[in-house]
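> just coords:
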């Protein structure tokens, strides 16, 4: 990592030789398969969620019923 002349942080990509041995032993969670087929709920309005989360907002297709949750 370094700062460029404009003061922005620059992170260089790692090569295979740069990866520590400990990192290769990490168990990472698998991705969620068929994410587009899963019903995901949002807590706010569609417009607000899509503005806040432009990449994932469109996947949140249903509105969460917070009143129902509060009742139970």
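That came through fine. The structure presented is a predicted model; accordingly, all values stated were derived computationally and were not measured.
> give me the helices and strands touching the lowest-mean-pLDDT helix or strand in the chain, please.
Across the helices and strands of the chain, mean confidence by mean pLDDT, DSSP states H and E is lowest for helix 21-24: a mean of 73. Of the remaining helices and strands, none touches helix 21-24 by 3 or more C-beta pairs under 8 Å, 6 or more residues apart in numbering; DSSP states H and E. The C-beta positions use only the backbone N, C-alpha and C, and glycine is treated the same way.
> enumerate the positions of that helix that are buried.
Residues of helix 21-24 classed as buried by neighbour count (16 or more other C-beta atoms under 10 Å): none.
> now swap in stretch 48-64 and tell me
Buried, per 16+ other C-beta under 10 Å, within stretch 48-64: 49, 50, 57, 60.
> give me the pLDDT for the first one.
The confidence metric pLDDT takes the value 87 at residue 49.
> check which helix or strand covers it.
Assessed by DSSP states H and E, residue 49 sits inside helix 46-52.
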